[in-house]
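S.K.: next one to model:
(2 chains)
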Amino acid sequence: DAGVIQSPRHEVTEMGQEVTLRCKPISGHNSLFWYRQTMMRGLELLIYFNNNVPIDDSGMPEDRFSAKMPNASFSTLKIQPSEPRDSAVYFCASTSTLGQGTEKLFFGSGTQLSVL
Amino acid sequence: GESVGLHLPTLSVQEGDNSIINCAYSNSASDYFIWYKQESGKGPQFIIDIRSNMDKRQGQRVTVLLNKTVKHLSLQIAATQPGDSAVYFCAESRYNAGNMLTFGGGTRLMVKP
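M.R.: Now for the predicted structure:
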């Protein structure tokens, strides 16, 4: 089991540039989550997909952020244009929902984003 | 708003001692609780979970206790080892909220040799 795979591991970019973060969930999982982690705000849920459909994007900070899940094995989180305050670690997590309530999430190793 | 929080931001224990990490939650409707361990540079790693129809669950060297009366959750680690040094997060969810976990702020556990 390869686990949740995120890329890149580190991203350094300049303010105003477009940033795309990628995630491959665990095979067979049908729910995917994007979280952002900062020292000030901890772990924040940005968006949640179920069966490739966005269910709740209320955590997305603003229109500069967008997320897609074109198929069950791939998701992207895009920031355009990026700003220094977007600097954080972005985590992707997945789980398998069987209609029985909450199940544990499996997290990737994260992408450390630095916007200069 | 309702949230999950932790009492102690940093806990320092001697190797071999038992550790207890506490967590308070405010939503009485929460029915699922989970503890994660996060080591430096890594993503959160599942430790143990518990549903609200239980008050205790044991794993390997870890025990989670749930007190719904006072809305309190704790993680006990037996015979703490240097490899247990990490930040520990509790999180809660409600069945009717899908699988959206709300995380607490985290407690850093430091194990002294």
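
S.K.: what's the per-residue pLDDT of residue B:97 here?
M.R.: In this model, residue B:97 is scored at 66, pLDDT.

S.K.: again, but for residue A:102
M.R.: pLDDT, residue A:102: 62.

S.K.: try the one 3 residues further on
M.R.: Model confidence at residue A:105, given as pLDDT, is 89.

S.K.: kindly report the same for residue A:92.
M.R.: pLDDT for residue A:92: 97.

S.K.: does it belong to a helix or a strand, and which?
M.R.: Residue A:92 belongs to strand A:88-95 when assigned by DSSP states H and E.

S.K.: can you tell me the strand partners of that strand and which way each runs?
M.R.: With DSSP bridges as the test, strand A:88-95 is paired with strand A:31-38 (antiparallel), strand A:106-107 (antiparallel), strand A:111-115 (antiparallel).

S.K.: quick one, what contacts residue A:70?
M.R.: residue A:52 (C-beta atoms under 8 Å, 6 or more residues apart in numbering or on different chains). For the C-beta atoms, the positions are set from N, CA and C on the backbone; glycine is no exception.

S.K.: same question, residue A:88
M.R.: Shown in contact with residue A:88 (C-beta under 8 Å, 6+ apart): A:36, A:37, A:38, A:113.

S.K.: the second one - nearest residue in space that isn't next to it in sequence?
M.R.: By that I understand residue A:37. Leaving out its chain neighbours, the residue that sits closest to residue A:37 by C-beta to C-beta, 6 or more residues apart in numbering or on different chains is residue A:89, at 4.6 Å.

S.K.: for residue B:62, list each beta-bridge partner.
M.R.: If you apply DSSP bridges, the partners that residue B:62 bridges to are residue B:77.

S.K.: out of the strands paired with strand A:88-95, which gets nearest to residue B:104?
M.R.: Smallest distance to residue B:104 across these (C-beta to C-beta): 12.8 Å, for strand A:31-38.

S.K.: from the rest of the structure, what touches the closest one?
M.R.: A:23, A:25, A:43-51, A:67, A:69, A:75, A:77, A:87-97, A:105, A:107, A:110, B:99-100.

S.K.: same thing but at 7 Å, please
M.R.: A:23, A:25, A:43-50, A:67, A:69, A:75, A:77, A:88-95, A:97, A:105, B:99 (C-beta atoms under 7 Å, 6 or more residues apart in numbering or on different chains).

S.K.: in chain A, which residue is most central in space?
M.R.: Among the residues of chain A, the one closest to the centroid is residue A:34, at 2.8 Å (C-alpha atoms, centre = their mean).

S.K.: tell me who's in contact with the residue nearest to residue A:37.
M.R.: Residue A:89 is in contact with A:37, A:110, A:111, A:112, counting by C-beta under 7 Å, 6+ apart.

S.K.: in chain B, which residue sits closest to chain A?
M.R.: residue B:43 (3.5 Å; C-beta to the nearest C-beta).

S.K.: that residue is in contact with residue A:109, isn't it?
M.R.: Yes - counting by C-beta atoms under 7 Å, residue A:109 is a contact partner of residue B:43 at 5.1 Å.

S.K.: so those two - more neighbours on which side?
M.R.: For residue B:43 and residue A:109, the more surrounded residue by other C-beta atoms under 10 Å in any protein chain shown is residue B:43, and the numbers stand at 22 against 17.
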